[in-house]
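Participant: dropping the sequence and predicted coords here.
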Amino acid sequence: MDICFIFNFSTESHLNQYSFFDIGRNHQYFDDKATEQRFLNNFRKKQLPLLEFIIDSSKRKDHKFSLYFSGTFLELLASKYPELVVKLKKLLDNDQMELLGGTYDDSVSSLFSIDVFKATVEKHKKLIKSTFGYTPVNFTNSVNIYSDALSEVIKDLKFKSTIVPMIDWFLGDRSANQTYLSSDYKLILLLSDYKAADYMINSKDSTSLLRDKSLSDRLVVSQIDPLKTVFKRDLIAVLNSLKTRKSRFLTVSQGINDHGTKEIYHMPETVAMNTSGRDLSYFIGNPLQQEVLEKMKTIKSQILPKKDDIIMTDLMKLSTSDNFLMMSTNNEDGEISKPYDCYLQMMNMLADIETRLYRYKI
């Protein structure tokens, strides 16, 4: 069985406390020191051990991985752990690892502005190029947001494939463990198999999946975020147990080359990966999230003619999936407790951005 492990590495930009009385006076929306401290705490506990495992495992020919680094994460990694960047670059130079393109700030911008989406993806590309001398050819959108219309945009951004959610009701009897084509035949699609990923990580016998004869010639795509994926077992122990003669760990590019693409995956509605289903309810499912999204749509139409890179950067950072998740009112785990507080902060910050744009009218 071929397994395509995709590991997402990101860090949340910590929001400052921001009240109505800060509008027009204070343009500092993010607490950089808190962001750095959060990065260091999470990195040492969960992300560093996984990165070290990837670097060590990638020395074997049949164990390669694909990684996505958000821009904020990569900036902090290069600043605090430059020696790791050197090791990762060596793996890339020797074709032992693959980096995926994505949005710079793990942004849901594709839901409110294609122009902002393109800008954040191009910014991410430039950072990868300047850091590693490497240009990604395969893509993963924030929370796997995807639709037929978006596939055209991703192709125009010079990517040949993207990772998309596995939709049970759409697949029917078809297998998720193969590559597909977009409805216009221009983009290769790899389905993130959340069921297989959960089984491999959390079942008592992860290797039983390798004995499944129906998967012997299939490609299982498993996308894992060491900070957000729920683990009942030690992830590195599970990955070590899967290192057998019956399995190969492939990059996205290898998976595409070794597994042919024949069928269409037609998705007219926008879908995303989340914990309860494949819709967008976790991110734009309530009036709080929807109002923030509409405000961002309004603001982006004012920013674009002005070509203000500083304000555009602030909008990109505010549109992270984490901020929309914090406004969710249907979180099953009970970890997110104050969606209205986050909504007020976001709306106050967006109102301040409008005051900054107003100066262009004076």
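Facilitator: Okay, I see it.
Participant: tell me which stretches of the stretch 201-350 of the chain form helices.
Facilitator: Assigned by DSSP state H, counting those that start in this stretch, the stretch 201-350 of the chain shows helices spanning 235-241, 252-258, 281-284, 287-306, 309-318, 321-326, 339-358.
Participant: most tightly surrounded among these?
Facilitator: Among the helices of the stretch 201-350 of the chain, ranked by average contacts under mean count of other CB atoms under 10 Å, first place goes to helix 321-326 (a mean of 23). C-betas here are computed from N, CA, C, even on glycine.
Participant: what about dumping the CA coordinates of that helix to PDB?
Facilitator: C-alpha atoms of helix 321-326 as PDB (Å, rounded to 0.1, in the frame of the first residue of the first chain):
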ATOM      1  CA  SER A 321      -9.100  29.700   9.700                       C
ATOM      2  CA  ASP A 322      -8.300  29.800  13.400                       C
ATOM      3  CA  ASN A 323     -10.000  33.200  13.800                       C
ATOM      4  CA  PHE A 324     -13.100  31.900  12.100                       C
ATOM      5  CA  LEU A 325     -13.000  28.800  14.100                       C
ATOM      6  CA  MET A 326     -12.900  30.900  17.300                       C
END
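Participant: give the rounded mean pLDDT of it.
Facilitator: For helix 321-326, mean pLDDT rounds to 91.
Participant: who's in contact with that helix?
Facilitator: 12, 15, 106-108, 142-143, 282-284, 289, 292-293, 331, 336, 338-339, 342, 346 (CB atoms under 8 Å, 6 or more residues apart in numbering).
Participant: let's see that with 7 Å instead.
Facilitator: Outside helix 321-326, the residues that touch it by CB atoms under 7 Å, 6 or more residues apart in numbering are 12, 106, 108, 142-143, 282-284, 289, 336, 339, 342, 346.
Participant: what do you get for stretch 283-302?
Facilitator: 108, 111-113, 115-116, 143, 272, 315, 319, 321, 324-325, 327, 329-330, 339-340, 343, 346-347, 350, 353-354, 357.
Participant: what pLDDT does the model give residue 336?
Facilitator: Residue 336 is given a pLDDT of 47.
Participant: again, but for residue 360
Facilitator: Reported pLDDT for residue 360: 67.
Participant: columns distance to residue 84 on top of the contacts of helix 321-326, output as TSV?
Facilitator: Output for the contacts of helix 321-326, formatted as TSV (distance: CB to CB, whole Å):
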residue	distance to residue 84
12	20
106	20
108	28
142	24
143	26
282	32
283	31
284	35
289	35
336	31
339	36
342	32
346	33
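Participant: where in the stretch 101-250 of the chain is pLDDT low?
Facilitator: Residue ranges of the stretch 101-250 of the chain with pLDDT under 70: 197-217, 230-233, 243-246.
Participant: bridging residues for residue 192?
Facilitator: For residue 192, the beta-bridge partners are residue 165, residue 221 (DSSP bridges).
Participant: can you tell me which residues contact it?
Facilitator: Per CB under 7 Å, 6+ apart, neighbours of residue 192: 144, 163, 164, 165, 166, 221, 223, 273.
Participant: next one: the residue nearest in space to the middle of the chain from residue 263, what distance?
Facilitator: Most central in the chain under CA atoms, centre = their mean is residue 142, positioned 3.7 Å from the mean C-alpha point. Computed as CB to CB, to the nearest Å, the residue 142 to residue 263 distance reads 26 Å.
Participant: equivalent analysis for residue 40, please.
Facilitator: For residue 40 relative to residue 263 (CB to CB), the value is 45 Å.
Participant: tell me which of the two has more neighbours.
Facilitator: Between residue 40 and residue 263, counting by other CB atoms under 10 Å, residue 40 is the more crowded of the two (15 against 12).
Participant: name the SS class of that one, please.
Facilitator: Recorded secondary structure, residue 40: helix (DSSP: H, G, I helix; E, B strand; the rest coil).
Participant: would a markdown table of the helices of the stretch 201-350 of the chain with distance to residue 93 be doable?
Facilitator: Shown next, in a markdown table, are the helices of the stretch 201-350 of the chain (distance: least, CB to CB, whole Å):
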| stretch | distance to residue 93 |
| --- | --- |
| helix 235-241 | 24 |
| helix 252-258 | 15 |
| helix 281-284 | 37 |
| helix 287-306 | 38 |
| helix 309-318 | 30 |
| helix 321-326 | 31 |
| helix 339-358 | 41 |
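Participant: comparing those by mean pLDDT, which bottoms out?
Facilitator: helix 235-241 (a mean of 76).
Participant: what helices or strands is that helix leaning on?
Facilitator: helix 48-57, helix 194-202 (3 or more CB pairs under 7 Å, 6 or more residues apart in numbering; DSSP states H and E).
Participant: pull the distance from that helix to the chain's centre.
Facilitator: Centre-to-centre, helix 235-241 and its host chain are 22 Å apart (CA atoms, centre = their mean, to the nearest Å).
Participant: from here on, call the first residue 772.
Facilitator: Sure thing, new numbering starts at 772, so read that last one as helix 1006-1012.
Participant: scan the chain for its longest strand.
Facilitator: strand 773-780 (DSSP state E).
Participant: what does it rub up against?
Facilitator: Under CB under 7 Å, 6+ apart, the answer for strand 773-780 is 818, 821, 825, 836-840, 844, 871, 911, 934, 961, 990-996, 1013, 1018-1021, 1023, 1026, 1029.
Participant: switch to 6 Å and redo it
Facilitator: Residues external to strand 773-780 that are found in contact with it (CB atoms under 6 Å, 6 or more residues apart in numbering): 818, 836-840, 844, 990-996, 1018-1021, 1026.
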